[in-house]
Each structure stands twice: as structure tokens, then as C-alpha cells.
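1. test case, fold it:
(one chain, ligands or ions: 2)
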Amino acid sequence: MEIKRGTPVFPGVTIGPALVLDTEGYRIPQRFIASEQVEAEVERFRQGQAAAVLEAEDNRRTVSDKLGGQYGAIFTFHVLFLQDPTLQQEIISAIREHGWAAEYAVSRVMRGHAKDFERVAQGPFASRAADLFDLEKAMLRNLLGHRREQLQHLNVPVVVLAHDLTPSETAALDPAMVHAFATEAGGRTSHTAIMAGALEIPAVVGLGKFLTDVSGGDLVIVDGNRGLVILDPDDETRASYEVARKSFHKFESGLTQLRELPAQTRDGVRIALLGNIEFPHEADHCLERGADGVGLYRTEFLYLGLQSDPTEAEHLDAYLRVIRALGPQRPVVIRTLDLGADKFATPSEPANHERNPFLGLRSVRLCLKNLPLFKTQMRAILRASAAGDVRIMFPMVSTLAELRECKRILAEVKRDLDAEGVPFNRQLPIGTMIEVPSAAIMASQLAREVDFFSIGTNDLVQYTLAADRTNEHVASLYNPADPAVLQLIRMVVAAAEQQGITVNVCGEMSGEPMYTLLLLGMGLRQLSVTPHNIPEIKKLIRSVSVEEAEAVTDEALRLETGRDITNFLREQTRRILPEVVG
Ligand code: PEP
Ligand code: MG
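-> Residues are numbered from 1 along each chain as shown. Ligands and ions are numbered 1, 2, ... in the order given. The predicted model follows:
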């Protein structure tokens, strides 16, 4: 049994067989063959191995011709290893003795050797492990050929283990078959992690290198509550997790009673608890959890699976589905496209491989350079505003001029719609996200231009601390409770209060119970969270008074480091509602 520690991104526990996607996306399932097929399988392996040898020889020749014999010699090791009779015998025995399919036998045996090489931390053999993984891939390529199985066509439930998943790959996972996922890469607020929230399956990211320790079909536990992945659990661990899984389920079911109750503190202060969504069907997730509305509709997910930019009708159709589901009483904040960086490229503006995509042509910057794209979406949002309580919000605003430019274009679109006689809400509320430090610093000026603010802590934290939100290696720096981030949040809240506009927090921070007291104590009266987290946050809100939250906040703000603040907040939350803290 091995325990790997990462970052939890969606709660719950799943115990199931692994489906391993290595960096090339190969699936290596544990598959058995009938005893009468064993010799045919051995023959299949021999053919795959022979083809891999030919490939390696070919590489040796090409590289020797191009770069010289000493470089080509690198592949001599590949050829020798692939032809090694002991290795061949080991794989053939695995097929004959265990009845394993050739791919699985290759993967199991070669990964075993690779790990042996890795254990020799120093010396000439250490780097050979990488060669062995390459050779394993070469053999699998030849064995699997076109039979490579697709994630979309699973017929048994699995736990997906991968180096990384792009947001579109994650979105394509079928929650009926993929019961959890865990990745080596990624951070708490990467968009892959956010997608786990939309799928509502337990997930852990940022585990570091572990895929070499696991084969397809191995039993694994994904503990999305504590951020653990347990490979090959022993019976005792498995039994205790079965108990944990049931009690977590019970805890979650208990929360459903809160659905109809208001998010109101013990001293009667009403908090608007809204949902963050990516897809129209998540409007139902919001309603099921008793959300007061949608505080953040991330519209870039409209791009999933499209070969061209969405049309005005496609935008409108998605918005209307959400608005109709929520009814006239609940607001829906539609955020204009936040494309770029780790989100999708647009078909009309494919990713241009910027050196610093998070600091590049992302989000509203990209929209301002592509007015047809921007105006198409604005038209759809305005048209949708005739059907319900719609609000428009601009992401990644970093200067006052940028915000004014967005508003100017919106006014132009309104004039066009007027001229066409198309109805829309003339008082459509306009908001801006505050997720760049410059916007937080300029909050007083920005507040005069808009009807509401929404603090995007996912980006605000990364830009304030210069710590990439998707990079597990800087996860310890990426702390929403860092005093620098908290100072900026306080400035934004103060500016909003002074100008009399509302202020929301829609970054992942607002869905983590550990920060609820702090946010209430800093004056926030609106939180927008992943729908799944609504009941938990509501329960916490209903368990404290504002006075109590303010006292906790005062003390937290006196501490000097993010780590101390985090520990303090965790303890305070545990004191009030132990079951919501890890
Ligand atoms: C944020 O940055 O906090 C936010 C809500 O936006 P996104 O996560 O979509 O970048
Ligand atoms: Mg953001």
C-alpha cells in the first residue's frame, strides 16, 4: 500500500479500479485472456516486441546519419533491452502464468524494472528509468495500434489517474463511469480542478509523480476530503474507508434539509449564497442546493467541442436555459468570455503560444481585440436580459480605461439592438471582477463605474503572490489567507461600501468553510461558490453571528503569515462546526 498526498479539489471518497492515462494518454487496463488464447497472446507480444525493435533500429540509423554514431548509440541500449531474452521470458511468463493480456504484462514488467532503476538514485543507471518508460510506450504503441480505447467508451466504473487533464478532457469525463480522478499536476484553483466541481466527482490534483507506481486495474482510493490517493490499499484501510465513505454520504444527505432555509447568521444577517456554474445544466445543481442565484456563469465553456466561435443564438440559448431554470427572482451574473491562459483558445484566435499566457492576451484583453466576438456575446447577454434578472460582468479588468472601453462597447451594442427594435433591460447591472492587484488598488475609482464587484480570488491570489494557480510546485505559496491578499480584499470591500455597491467573492476561497468566518468578518455579504459547497457554507453561516466572525477576523488579521492565519482559521472553524473541517 502506498499513500500519495496532493491537493483536494472535490470532496468525497471513491474506491475503485484505476484507469491510468500516461502522458501520451494510453490506457493500460488489467485485462485477462482465456486459457486457450494464451499462446496466441504470446505470439502477439512477440510481434509487438519485434516491431518495437525495428523502430529502435530505425531510430539508431536516422540519428547516427544526422548527428553521428555516438548519438545513435543511445538507441543501442533500446535495441539490446528490447531483445533481452530475460525480459522477454519475464513478460511471456506473466502472460502464461497470470493469463494477462500482452499490454498489461508489458506494462507491469517494464514498469517494475523502471522503478528498480529509479531507486538507484545516483549513478549511471538512474537515468535509464526514463528510457524504460519510453520503451514501454513503444511496445504499447505497437501492441495497441488502433485499438487504443477511448475514455468516452468506458463500460465499467473507474478512477482516472493521469499526469494532467486539460479542462476539455475533464469536461468530457462521464461521471456515470468515472467515479473520481487524480492527477500528478495541477493546483487548487486550476480550471481542471474547477471542472471537478461541475462533474461533482471526488478529485485530487498536484500529487507529484506517482503514475509509475500504479497499473491499470489496480485498486485505488481517492480521498477528496483529505487530498489523498491510496494505491493498493490493505484490507484494514479499505474497510475504514468504506466506513468513512458511508459517514460522509450521511453527512452530505443531512445537509439537504438546509435547502429551504435562508443563509442567515445567528444574529439575523442575511447572506446571499450564490452558485458558480460552467454549464447550463448546473443551474439545476444550484436549485437542488437552494442557491439564491448564479453569482458567476463562466461562459468560456461554451467553446467546448465547437469548431468555430459560438453564434449569438448559441450564446442566447445557453443563457436562456439558465435563466428559465432559475426563474425571475434569482439573479444570473453572466461573465463575458475569459478565454486564454489555461482556458480554451477560440477557434478564430487559436492559442498563439505566448511566453506568459497568464500575463498575456487573456480574457477581456482578448475580447477588446476581437470586437465581433465580444459584441456577439454582449448582444446575447442583452437579449437574455429581457427574460430575467441578468447581470453582466467583465473579467480580468486591470485598468479603469479597460473597464470604460468595455462599457463603451456595451453602449454601442445597446444602440444597435435599439435600432433593430430588439428588447433588453436598459438598466442591465454592470459589474467587474476584481482579480488583478491593480484593480484592487484602484477599487475606489472602479467602484464609481459599476453596479457591483466580484472578487476573483483564484486569480487575485496568483497575481498578488506571483504563484501560478495551476502549478503544484508553488502550491504552498498560493494561499488565499496570505496577509497581502487579505489587505487587497479589505480595500475592495471598503471601496464598495463607500460607493454603496455590492461586493461578492466568487473565487474558490468563498466555497471553503475555513474562510467563511474571515469573509463574513471582513464585511462580505455575498458569496458565490461551487453549487456542491452551498449547504456546507450555509450551515456554517447559520452557526455563527457576525459579531463572532468579526472577532475571529480581527485576531486573524493581527497574525503575520498566511500559514498562521490559515491554522488559526481552521481551528476557529473546527470549534464552531468540526464536521466541515477536513
Ligand atoms: C477567479 O479568478 O477567482 C475566478 C472566479 O475566475 P476564474 O477562476 O474563472 O479565473
Ligand atoms: Mg479569474
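
2. and the most centrally placed residue in the chain, what is it in contact with?
-> Computing the C-alpha centroid of the chain and ranking residues by CA atoms, centre = their mean puts residue 193 first, at 1.6 Å. Residue 193 makes contact with 7, 9, 10, 186, 187, 203, 205, 508 under the criterion CB atoms under 8 Å, 6 or more residues apart in numbering. For the C-beta atoms, the positions are set from N, CA and C on the backbone; glycine is no exception.

3. okay, now the domains of the protein?
-> Domain assignment of the chain by automatic domain parsing yields the ranges 2-27+150-252, 35-147, 259-577.

4. and those domains: which comes nearest ligand 2?
-> domain 259-577 (3.7 Å; CB to the ion).

5. first to last residue in that closest one, what's the distance?
-> For domain 259-577, the separation between the terminal residues is 18 Å (CA to CA, to the nearest Å).

6. and it, what's its mean pLDDT?
-> Average pLDDT, domain 259-577: 95.

7. tell me how far that domain lies from the chain's centre.
-> 16 Å (CA atoms, centre = their mean, to the nearest Å).

8. same check on stretch 163-179?
-> With CA atoms, centre = their mean, you get 10 Å for stretch 163-179.

9. before we move on, what about stretch 216-235?
-> 19 Å.

10. next: stretch 191-201.
-> Centre-to-centre, stretch 191-201 and its host chain are 5 Å apart (CA atoms, centre = their mean).

11. pull out the CA atoms of it and give them to me as CSV.
-> Output in CSV follows, covering the C-alpha atoms of stretch 191-201 (Å, rounded to 0.1, in the frame of the first residue of the first chain):
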residue,chain,number,x,y,z
HIS,A,191,-9.6,25.0,-14.3
THR,A,192,-9.3,21.3,-14.3
ALA,A,193,-10.0,21.4,-10.6
ILE,A,194,-12.9,23.7,-11.2
MET,A,195,-14.3,21.2,-13.7
ALA,A,196,-14.3,18.6,-10.9
GLY,A,197,-16.8,20.8,-9.2
ALA,A,198,-19.0,20.8,-12.3
LEU,A,199,-18.8,17.0,-12.6
GLU,A,200,-19.3,16.5,-8.8
ILE,A,201,-16.8,13.7,-8.5
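
12. follow-up on the earlier one: Provide the backbone phi and psi angles at the residue nearest to the centre of the chain.
-> Residue 193 has phi and psi values of phi -60, psi -40 when expressed as degrees, to the nearest 10.

13. thought residue 194 was touching residue 278?
-> Yes - between residue 194 and residue 278 there is a contact at 7.2 Å, judged by CB atoms under 8 Å.

14. now do the shared contacts for these two.
-> With CB under 8 Å, 6+ apart, residue 194 and residue 278 have common neighbours residue 298.

15. where does the nearest residue to residue 103 once chain neighbours are set aside fall, phi/psi-wise?
-> Distance criterion CB to CB, 6 or more residues apart in numbering; nearest residue to residue 103, sequence neighbours excluded, is residue 143 at 5.0 Å. Per-residue torsions, residue 143: phi -80, psi -40 (degrees, to the nearest 10).

16. state the helix or strand in which the nearest residue to residue 399 once chain neighbours are set aside lies.
-> Excluding its sequence neighbours, the residue lying closest to residue 399 (CB to CB, 6+ apart) is residue 438, at 6.6 Å. Using DSSP states H and E, residue 438 maps to helix 437-441.

17. tell me what that helix is packed against?
-> strand 430-434, helix 457-465, helix 483-499 (3 or more CB pairs under 8 Å, 6 or more residues apart in numbering; DSSP states H and E).

18. the helix or strand harbouring residue 375: what's the following helix or strand?
-> Under the criterion of DSSP H and E, residue 375 resides in helix 371-384. Next along the chain after helix 371-384, taking DSSP H and E as the criterion, comes strand 390-394.

19. now the angle from that following strand to helix 371-384?
-> Computed by axes from the mean of the first three to the mean of the last three CA atoms, to 10 degrees, the angle separating strand 390-394 from helix 371-384 equals 160 degrees.

20. close to ligand 2: what parts of this structure are there?
-> Counting by CB under 5 Å from the ion, the chain comes close to ligand 2 at 435, 456, 459.

21. just send these back as CSV, with neighbour count and distance to residue 567 too.
-> Formatted as CSV, these follow (neighbours: other CB atoms under 10 Å; distance: CB to CB, whole Å):
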residue, neighbour count, distance to residue 567
435, 26, 26
456, 28, 25
459, 25, 25
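
22. so which of those also contact ligand 1?
-> The residues of the residues of the chain next to ligand 2 that also fall near ligand 1, by CB under 6 Å from any ligand atom, are 435, 456, 459.

23. now, which of the residues you listed sits nearest residue 38?
-> When those are ranked by distance to residue 38 (CB to CB), residue 459 comes first, at 55.8 Å.

24. one step back: isn't the residue nearest to residue 399 right up against residue 398?
-> Yes - with contact defined as CB under 8 Å, residue 438 counts as touching residue 398 (4.9 Å).

25. check the spacing between residue 112 and residue 360 real quick.
-> In this structure, residue 112 and residue 360 are 43 Å apart, going by CB to CB, to the nearest Å.

26. returning to that earlier point: could you dump the helices and strands packed on helix 437-441 to TSV with distance to residue 38?
-> Shown next, in TSV, are these (distance: least, CB to CB, whole Å):
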stretch	distance to residue 38
strand 430-434	61
helix 457-465	53
helix 483-499	61
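
27. phi, psi of the closest residue to residue 474 other than its chain neighbours?
-> Residue nearest to residue 474 in three dimensions, not counting chain neighbours: residue 467, with 4.3 Å by CB to CB, 6+ apart. The phi/psi pair for residue 467 (degrees, to the nearest 10) reads phi -130, psi 110.

28. in the stretch 51-200 of the chain, which spans are strands?
-> Taking DSSP state E, counting those that start in this stretch as the criterion, the stretch 51-200 of the chain carries its strands at 158-162, 178-183.

29. near ligand 1, which residues of the stretch 201-350 of the chain show up?
-> So far as CB under 6 Å from any ligand atom goes, the stretch 201-350 of the chain lies against ligand 1 at 296, 298, 338.

30. is it true that the second one touches residue 280?
-> Same thing as residue 298. No - with contacts counted by CB under 8 Å, residue 298 stays clear of residue 280, the gap being 11.6 Å.

31. so what sits against both of the two?
-> Common neighbours of residue 298 and residue 280, counting by CB under 8 Å, 6+ apart, are absent.

32. what bridges to residue 335?
-> The partner list for residue 335 in beta bridges (DSSP bridges) reads residue 298, residue 393.
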